[in-house]
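> generate coordinates for the sequence data below:
(chains A, B, C and D)
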Number of protein chains: 2
Amino acid sequence: MIERPQSITVSGTEALDVLRNATLSQVVQSEIEKIILSGAFQPGEKLNEKTLADRLGVSRGPVREAFQALHARGLVEMIPNRGVFVQEITRHDAVAIYDVRAGLFGTACRLLAERITTSQIGALKSLVAQMDVAGSQRDLEAYFPLNIAFHTAIVTGTDNSVLADAYFSMVRRLHLYRARGLVHGGGFESSNIEHRAILDTLDARNPHAAFEAGYLHVQAGKVRIMATDDTKTAVAS
Amino acid sequence: MIERPQSITVSGTEALDVLRNATLSQVVQSEIEKIILSGAFQPGEKLNEKTLADRLGVSRGPVREAFQALHARGLVEMIPNRGVFVQEITRHDAVAIYDVRAGLFGTACRLLAERITTSQIGALKSLVAQMDVAGSQRDLEAYFPLNIAFHTAIVTGTDNSVLADAYFSMVRRLHLYRARGLVHGGGFESSNIEHRAILDTLDARNPHAAFEAGYLHVQAGKVRIMATDDTKTAVAS
DNA sequence: TGGTTGCATATTGTCAGCAATTTGCAAAAC
DNA sequence: GTTTTGCAAATTGCTGACAATATGCAACCA
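Numbers count the residues shown, from 1 in each chain, chains lettered A, B, ... in the order given. Reported below is the predicted structural model:
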């Protein structure tokens, strides 16, 4: 691996520095992805090349390159001579993505169970305890980031970036599924009960049980989301 | 300069049809991918934009777009202002990819066990029987495609294209791992024994056991490959 | 001899423009 | 009233050209 020289930044040369480590099309890709995932564009909505290019202050070339990457990431659909559209996720698609996410998360749990350190166990225990508190107080604002941190710690804890990338890719794509709501009272308790079950299998360093606990946790989250369908109630997965 | 004629060709309308359903950059992407996976370019080797563009008879634009997609697919590495290189897969990377492939294949087995039809079971039984024959005759030429067909039937049999795409993506990336050989005598028997174990769990419609059998089968393949390291002997996975 | 500097060449990054296709809409035909 | 036809405008697909960066090599210096 060749080291690229780091430019000396005195102050505020960020934009310049960014372009030293990334090409413009990569920056554009990241920007468009942010816009899509923010919900500013609805699934199925068309992304106009020139409009986006003007908005980002670049020409159409980098935008077209970014589209290719976003297509490969499953975030946009491309139709020749027609244009690029924000990917639509049907209920069937969402189920499929959830199943893959469950398999990947279960696999992460399994792999982690084989190599988890006491320090990692401690960190997860802390997160579960904090979620218990947030849950008992019905404080979703606190619960949500803890929940994400718990899942992230497990997925990244395996030291398998391929697995982590694939997992986060599924999470990202699920953000495009419209029929997901925000909060549902019942999700808290059962969700953290499952977290504790996962933690127990990791603590026991039982790979087989760890997969099962992780897989079922995501599947339970899927059921909680899917049960609400298009109602505006949802769940902590 | 490529011709994009509207001419009515009686027999060879292929090129026309292709460009009606796919954009040039997609064709270019597919071509470059074929070249890479054929081994014509070594991992780590640089892919020159102009050279490739000339070779394919297009300008650099479509080639650059193809690069973005190939990068997202994990087949090339991009370094700003330096160029695009065929992705190098280290031993550590290969292990990581194998672990994900195992998780995905196990998940496919699990999902399939919940919905498999008798017709699908029959097809898999036939494949295993044929592999038994090929194995007993040590006919690798016959065994190899049957082996792929068996795995493909399971992965596509779940009717989950997200899962299938992710699985095939891992298989594709493993093709870039150079330290894999071709044949090793011992692989046959154990491999098809595992196939039969998978088949049994599917036949019993036992999701839990199916995951385990599928996961362990790929893990066993990993071990068989990795054990040989850079020796030119390898294995039927 | 070993290492640095400076310039010519090669390659990448980006842009503007042209050709081809699609889209929108109004007029004509039935 | 509905469908079809025929432009005009908008958009996509692709290319060639220019600017910025990296590379290779020879001359120069310690």
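> from chain A, which residue is nearest to DNA strand C?
As assessed by CB to the nearest atom of the strand, DNA strand C sits closest to A:Leu24 within chain A, at 2.2 Å. (C-beta placed from N, C-alpha, C; glycine too.)
> so what's the closest residue to that residue other than its chain neighbours up against?
In space, and not counting its chain neighbours, A:Leu24 is closest to A:Pro62: 4.7 Å by CB to CB, 6 or more residues apart in numbering or on different chains. Neighbouring residues of A:Pro62 by CB atoms under 8 Å, 6 or more residues apart in numbering or on different chains: A:Thr23, A:Leu24, A:Ser25, A:Val28, A:Ala53.
> make a markdown table from the residues you listed and add neighbour count and distance to A:Ala164 to it.
Converted to a markdown table, those look like this (neighbours: other CB atoms under 10 Å in any protein chain shown; distance: CB to CB, whole Å):
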| residue | neighbour count | distance to A:Ala164 |
| --- | --- | --- |
| A:Thr23 | 18 | 24 |
| A:Leu24 | 19 | 27 |
| A:Ser25 | 24 | 24 |
| A:Val28 | 25 | 24 |
| A:Ala53 | 17 | 32 |
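> which ones among the residues you listed map onto strands?
Judged by DSSP state E, strands contain none of the contacts of A:Pro62.
> farthest pair within those?
Greatest spatial distance in these: A:Thr23 and A:Ala53, 15.3 Å, computed using CB to CB.
> redo the contacts of A:Pro62 as a markdown table? Include distance to B:Gly74 and pLDDT.
Shown next, in a markdown table, are these (distance: CB to CB, whole Å; pLDDT from 0 to 100):
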| residue | distance to B:Gly74 | pLDDT |
| --- | --- | --- |
| A:Thr23 | 18 | 82 |
| A:Leu24 | 22 | 84 |
| A:Ser25 | 18 | 89 |
| A:Val28 | 21 | 94 |
| A:Ala53 | 27 | 94 |
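> in a markdown table, list these along with distance to DNA strand D.
As requested, the contacts of A:Pro62 are exported to a markdown table (distance: CB to the nearest atom of the strand, whole Å):
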| residue | distance to DNA strand D |
| --- | --- |
| A:Thr23 | 10 |
| A:Leu24 | 11 |
| A:Ser25 | 13 |
| A:Val28 | 15 |
| A:Ala53 | 9 |
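> so which of these are in helices?
A:Leu24, A:Ser25, A:Val28, A:Ala53 (DSSP state H).
> closest one of those residues to A:Leu124?
Of all the ones in helices among the contacts of A:Pro62, A:Leu124 sits closest to A:Val28, with 37.2 Å by CB to CB.
> wait, that closest one sits on A:Leu56?
Yes. Here A:Val28 reaches A:Leu56: they are 5.8 Å apart, a contact under CB atoms under 8 Å.
> ok, and the closest non-adjacent residue to the most centrally placed residue in chain A?
In chain A, the C-alpha nearest the mean C-alpha coordinate belongs to A:Val171, at 3.4 Å (CA atoms, centre = their mean). Excluding its sequence neighbours, the residue lying closest to A:Val171 (CB to CB, 6+ apart) is A:Arg101, at 6.7 Å.
> which secondary structure elements does the host helix or strand of the one you found contact?
For A:Arg101, the host element (DSSP states H and E) is helix A:91-113. Applying 3 or more CB pairs under 8 Å, 6 or more residues apart in numbering or on different chains; DSSP states H and E, we find helix A:91-113 packed against helix A:140-157, helix A:161-174, helix A:187-203, helix A:207-228, helix B:91-113, helix B:161-174.
> could you check how far the closest residue to A:Phe41 other than its chain neighbours is from B:Thr23?
Of all residues not flanking A:Phe41 in the chain, A:Val86 sits nearest, at 4.9 Å (CB to CB, 6+ apart). Distance of A:Val86 to B:Thr23, computed by CB to CB, to the nearest Å: 18 Å.
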